[in-house]
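[1] Make a model of this:
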Amino acid sequence: MGVSQYLKISDIEIFLQISLFSLISEVSYHLTYFWKQVLQFIMTFEQIIQQNQCDNSLSFTHVLKLVIQKQANIYIVIFFKQYSKKMLTRPPMLRESRHTKNNYKEPSTIVLKLGSQPNVGKLPPKVLQQNPTTEVRRIKNKSISQHINGNGIHQQANYYKQPNKRVIYDSTNCLNSQINRSSSNRIKKIHSVSSHNYESFIQNLEDHSRNNIIYNEITTSTELNEGKKLFTDNKIEEALKTFQNYLSKYGLNPEALYLSGLCYMSLDQEDKYIEQFQTLIKTFPTFKRNVYMYLALSLKKNNLINDAINVISQGIYQFNRYFEAIIFRAKLFLKQKNYEKAIKDFYSAMQINSKKPVCYVGLSDCFKQINKIQQAIEELNKALEFEEFSKQKSIILKRFTIYLDIKDFEKATQDMKILLEICENDSEVYYFKGILMQKQKRIQDALLAFEQSIKFNSQKKPVTKALYEIVRIKIEQNDYYSAQHELDRAAYLDVDKTQLQKFELFVGGAIYLMKRKFEEGTHMLTEMITKNHQSDSLKFQAHQYRAYGYFCLSKYNLANQDLELYQENLLEKASLYNKLLCHGIIKYEDNELEQSKREFLQAHKILPNKMEPLFYQAIILIKRYCSSLEKISEENRIMYLKDALDLLERAAKNCEQSNLLFYKGIIHFALGNIDQSALDLEQAIEKSEDNQAQHYYVRGLLQCQRQLFKQAVNDFSICLSLDQNHSESYLNRCKLLTMMGDVATAYLDLQKYIELREQYTINYHTVGILYFLIGAYDEAIQAFDNCKSLQGYYEKVKVLIYGKELNQALNELSNIITEMHNQEAIIDKQVLTILKETSQQISTKILEDSINTISQILKTQQEGLIFRQSDIYFYKGLFYTYLGQYLKAKQCLRFSYDLKEKEIKKSRNKSLINQNSLEDFDFTNKTYNIYEHLYNCAIIEVILGNLEEAFETLTLLHEHLTQIEFRVQLQILMELLRDDQQDNPPEEEFQKIQEFQLFPQHNRLCSIYPSIKLPLKKYSVEIRLSFCLPIVEFPSQPILFDEQLLQKISPKVVENKPEAPWIKRSSEGVIFTDNIQFIDDLDLLSTFRKQETEETQQEINNFQDENDITQLKDKLKLDDQITKKLNSILQKKIEE
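    So this is what the prediction gives:
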């Protein structure tokens, strides 16, 4: 069953009424596409008939609908719908089908079937293709009835179903206005898309100019021509606008779609041109075959490989002998590692054109990937047979790389010779020569080849790779400064700097680490690691280097994270050592001291000559000493320090580093080894690269222990010049200056200390005492207020008593009693209340009550913190004196003195500021001293009439007084008493004395008590006992060893020196780089050293004492400091 069942003679008549001649003249620019669509329509129609040949109920109209549904792209249907009213007269009635005999309706769309009739134009002549693989055959003239009725050789209608017989056309030429129509209405010429080899097509696609693209797309259409001209003139946006307007105005047009897609390509609007090309191949699948290539390449660029394969497969289906498309799909399969399909496509391409080298090269790539190396080489050899010698470079390079991979260096060398013969000055060839040298471990030859590649500078890519390899070799040799020099060359070379960026960051970071600029180094390495997503040896190395930088910055967790990324067996020895140290320090911070110790021991085994593992083990012992204050005996605690000291001594044998000596000196200081501590501190200061404030602070403390107070002040001052915020130095210097009498500077230091310390960390008790000693009593009271403790409150009471603020002192004592129920405060308050009352009014009752109260206190044998028992007995004696009970008063004074001596002896074992001493000739703030005691006892003896004993006491007092004015006054009293015993008239001079005063009474307690009249015969003289309130004693504030120095020792305060990853150690020492040049007869004594030696020798020769010179030469060796040592020694000799 065929077309003839549906298209009878009456149907044919409709077609014959259509004037194809006027149609062609009316729409000449649609002609070629018209013919193509006619062919497709007939093929689709035949397929529908064959698929439904058993269904006899189908009418022509129904078949037509099925055709339209199946072949959605029926351009001719649209075409005739637009032009039917204008060009066609009303056709005769269609032959009635067996289903529509009586109800005829004129079809809205007229469909043409192309055949050969007397009045119908024939197909154009055979198209000559540039591609020899594309065959086009012109159909011989035959009547349409022969095609559709079965009359004649209708079997030739099947010709249209043969895909290899499709007409390949080019819309550019068919739209050219220059194409003439012959009298026989034949189209004289239809051009096809030229076929090129795969490589030239891709190159043309990448480097196409807009002029070349549009040159072959010229059309007779005014609007399209206008758009093409704009495109040719590089007015892309205007051209695009023209094509878009055309599409909006006339509907889908393959030419306009294609050209608008090219515009989007020129504007780099990828999504847009992909959309245009997808619409084009969907609507007009056979318009242009290069559209499939454009679209597939765009998808490949976006890594949409499967989509690219689907698109190019459609192109191959539409143009089945499309050589370039088959090659391209094969390479896509190769990229997908679908080697079986890739090989199949390469063989298919070979069947089309077996003389194309690209087929064999592609097969070689496939065989190489599936490890069929020999077959890969054979395919490359075949490719060479079809390529000119001068163009064989790329093929030989592929074979060369295979030989490199299988380490057949002999054949690789032969290929390299051929390459150098073909391309004598080619950068790429010299680059691969360098790779060959590298594989053969000939590093210097490799560097030379890479340098030649850079020298010729013929191609950007190989020059970049050559520089890349040079830098990589320098990095492998740990020669980072040379690597940086090579990277600097990129500034004036035509290279892809993005390829070198990771090296720039890595080398820059490594050099910063070498310069101990750890923040900058770790920052650059972090940037390199972040940007380099691939895991390679350089990234592995960068993690190790960054871990080193983090370690030096005391960022142990970050360092450990970098090192934990890799297995221990992959790490360099230095990095493994650093990793163990990191683990140990982290465990130390987590207080897992035993585990920490194990990690340090393992690190010590790896590098036994390093001091850090020993140092960190010592820190563990120091921490145990500080944390075991109340857990174990002091003797066992000291053992921790001694063991730590032993470890530090062992570490010092490996390296006398400044910090090591400093902390060793601190432990000696803590153990009381003052001299050894001083020696270690001196060496630490001398060896330190920079002056460290902490060094001078500790030495200042040590100077205080050695009683070298001026030197201590100087060291604290140096510390503050280096660190203006070192609060402890301000505090200790304040103590020294207070002791030395410079209270003004001491006050400023104390203010600075308070300013620097946070409120909760200030030692207000010490601050209050220092304010008191300086004389700033208000500040002292405020400081003691801030203590918020019993001791602080009591110190405040002492200051108030010292300032004779008795009412405030009583209030403070009341507060202490109320809040803390302190018994000492009760006694102090009772005694102070008695003194206040008796000083205001003396009466028998008050005195008796006071004596009773005091007696009750003494019976309990208790005392206050201010008023001691000796003071209470004295005041009891005072009250007896005013009651006239002089014997009891004398007894109380004697008993008070005895207790006072015992208390003073006992207090000598305590560290007290303002400590009481009976021998001190001080009358400011103390109950009495020995001079006042003798004076008071003498007065009582005089009152009792015991003049002999009185004179004996006064004589003793006179002998002990050293001040002349007091001796003179005492002499006057003694003469007055003697004269009073004589019968002679009173002396006028003595009569003038109404009240006698020997010692100062101003602002003293005795001044507010009434005077006592002496029982004399001739004179009326009044006198007072000499006394005051008790002395105000404060805890001493000595400058001792600072325990905080031990508590603050941790890995973070130590100058961290892990093993640098660029250092390699050998039995002979440290190797900093593998780039070592061997020079014969190397003279290690430089010109400078020779000159230095000659100058030193001249100085020695000028020295007169030849024996000393000989000894000096024997002791000294020629080292870097020889000049300095000789000059100092010679200077000492000259001074002597």
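[2] Tell me, please, where in the protein the pLDDT is lower than the cut-off.
    1-221, 629-630, 907-918, 921, 1054-1056, 1065-1136 (pLDDT under 70).
[3] center of it, which residue is that?
    In the chain, the C-alpha nearest the mean C-alpha coordinate belongs to residue 523, at 4.8 Å (CA atoms, centre = their mean).
[4] Where does that one sit, in terms of helix or strand?
    Following DSSP states H and E, the helix or strand that holds residue 523 is helix 518-531.
[5] Tell me the first helix or strand C-terminal of that helix.
    Using DSSP H and E, the helix or strand that directly follows helix 518-531 along the chain is helix 537-552.
[6] Next, count neighbours for residue 792.
    16 (other CB atoms under 10 Å). C-beta here means a position set from N, CA and C on the backbone, and glycine is covered the same way.
[7] Let me know the secondary structure of it.
    Secondary structure assignment for residue 792 (DSSP: H, G, I helix; E, B strand; the rest coil): helix.
[8] That one contacts residue 764, correct?
    Yes. The criterion here is CB atoms under 8 Å, and residue 792 meets it with residue 764 at 6.8 Å.
[9] residues shared between the contacts of these two?
    784, 786 (CB atoms under 8 Å, 6 or more residues apart in numbering).
[10] contacts for the helix holding residue 523?
    Surrounding helix 518-531, the residues in contact under the criterion CB under 8 Å, 6+ apart are 501-502, 505-506, 508-513, 539, 542-543, 545-546, 549-550, 552-553.
[11] Report the inter-axis angle for that helix versus helix 537-552.
    Orientation check (axes from the mean of the first three to the mean of the last three CA atoms, to 10 degrees): helix 518-531 against helix 537-552 gives 150 degrees.
[12] mind listing what's buried in helix 518-531?
    Across helix 518-531, burial judged by 16 or more other CB atoms under 10 Å covers 518, 521-529.
[13] returning to that earlier point: kindly provide the distance from the residue nearest to the centre of the chain to residue 942.
    91 Å (CB to CB, to the nearest Å).
[14] same check, this time on residue 714
    Residue 714 sits 56 Å away from residue 942 when distances are taken as CB to CB.
[15] Compare those two (neighbour count), which wins?
    When residue 714 and residue 942 are compared on other CB under 10 Å, the one with more neighbours turns out to be residue 942, at 25 against 16.
[16] Just the element for that one, please.
    Take DSSP H and E as the rule and residue 942 turns out to sit in helix 930-944.
[17] ok, residues contacting the helix or strand that that helix is followed by?
    Using DSSP H and E, the next helix or strand after helix 930-944 towards the C-terminus is helix 947-960. Around helix 947-960, the neighbours that count as contacts under CB under 8 Å, 6+ apart are 930-931, 934-935, 937-939, 941-942, 967, 970-971, 973-974, 977-978, 981.
[18] buried stuff in helix 947-960?
    With burial defined by 16+ other CB under 10 Å, the residues of helix 947-960 counted as buried are 947, 949-951, 953-954, 957-958.
[19] Ok, stretch 886-906 next?
    Per 16+ other CB under 10 Å, stretch 886-906 contains these buried residues: 886, 888-893, 895-897, 899-900, 903.
[20] quick one: contacts of it?
    868-871, 873-874, 876-878, 880-881, 916-918, 927, 933, 936-937, 940-941, 943-944.
[21] Just the buried residues from the contacts of helix 947-960, in ChimeraX please.
    Buried residues within these, by 16+ other CB under 10 Å, are selected in ChimeraX with:
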select :930,931,934,935,937,938,939,941,942,970,973,974,977
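[22] got a list of what residue 264 touches?
    If a contact means CB under 8 Å, 6+ apart, then residue 264 has 240, 270, 272-273, 276 as its contacts.
[23] next structured bit after the strand or helix carrying it?
    When elements are defined using DSSP H and E, residue 264 is found to belong to helix 254-266. Tracing the chain C-terminally past helix 254-266 and defining elements by DSSP H and E, one meets helix 270-283 next.
[24] so what does that next one touch, helix or strand wise?
    Counting contacts by 3 or more CB pairs under 8 Å, 6 or more residues apart in numbering; DSSP states H and E, helix 270-283 packs against helix 254-266, helix 290-301, helix 305-318.
[25] will you turn these into JSON lines that also has distance to residue 1050?
    Supplementary listing: the helices and strands packed on helix 270-283 in JSON lines, determined by distance: least, CB to CB, whole Å:
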{"stretch": "helix 254-266", "distance to residue 1050": "65"}
{"stretch": "helix 290-301", "distance to residue 1050": "57"}
{"stretch": "helix 305-318", "distance to residue 1050": "57"}
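[26] Tell me which of the ones you listed is the most buried.
    Each of those was scored by mean neighbour count; the highest is helix 254-266, a mean of 24, by mean count of other CB atoms under 10 Å.
[27] starting at the chain centroid, how far to that helix?
    Using CA atoms, centre = their mean, to the nearest Å, the mean C-alpha position of helix 254-266 is found 50 Å from that of the whole chain.
[28] Any figure for the gap between the closest residue to residue 999 other than its chain neighbours and residue 943?
    Take residue 999 and drop its neighbours on the chain: the residue closest to it by CB to CB, 6 or more residues apart in numbering is residue 1026, 4.6 Å away. Applying CB to CB, one obtains 15 Å for the distance of residue 1026 from residue 943.
[29] which of the two has more neighbours?
    residue 1026 (22 against 19).
[30] how near is that one to residue 1033?
    Computed as CB to CB, the residue 1026 to residue 1033 distance reads 21 Å.
[31] since we're on residue 417, how many residues are nearby?
    Counted with other CB under 10 Å, the burial measure for residue 417 works out to 10 neighbours.
[32] Residue 539 too?
    Going by other CB under 10 Å, the residues that sit close to residue 539 add up to 17.
[33] now the one 3 residues further on
    Neighbouring residues of residue 542 were enumerated by other CB under 10 Å; the total is 24.
[34] That one contacts residue 506, doesn't it?
    Yes. Look at residue 542 against residue 506 with CB under 8 Å: they come within range, at 5.5 Å.
[35] Distance to residue 419 for the buried residues of helix 518-531 - can I get that in CSV?
    Formatted as CSV, the entries for the buried residues of helix 518-531 read as follows, by distance: CB to CB, whole Å:
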residue, distance to residue 419
518, 47
521, 42
522, 44
523, 44
524, 39
525, 39
526, 42
527, 39
528, 35
529, 37
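[36] ok, of these, which one's closest to residue 1058?
    For the buried residues of helix 518-531, the closest approach to residue 1058 (CB to CB) belongs to residue 518, at 11.1 Å.
[37] Check the gap between the closest one and residue 386 for me.
    Computed with CB to CB, the distance linking residue 518 and residue 386 is 61 Å.
[38] same check, this time on residue 612
    Note on residue 612: its distance to residue 386, by CB to CB, is 68 Å.
[39] what's the answer for residue 344, then?
    When residue 344 is compared with residue 386 (using CB to CB), they lie 21 Å apart.
[40] coming back round to it: of the contacts of residue 264, buried ones?
    Among the contacts of residue 264, those classed as buried by neighbour count (16+ other CB under 10 Å) are 240, 272-273, 276.
[41] Which single one of those residues is nearest to residue 307?
    When those are compared for distance to residue 307 (CB to CB), residue 273 comes out closest, at 14.8 Å.
[42] For the closest one, give me its contacts.
    The neighbours of residue 273, taking CB under 8 Å, 6+ apart as the test, are 261-265, 294, 298.
[43] Since that was my last question, I'll sign off now.
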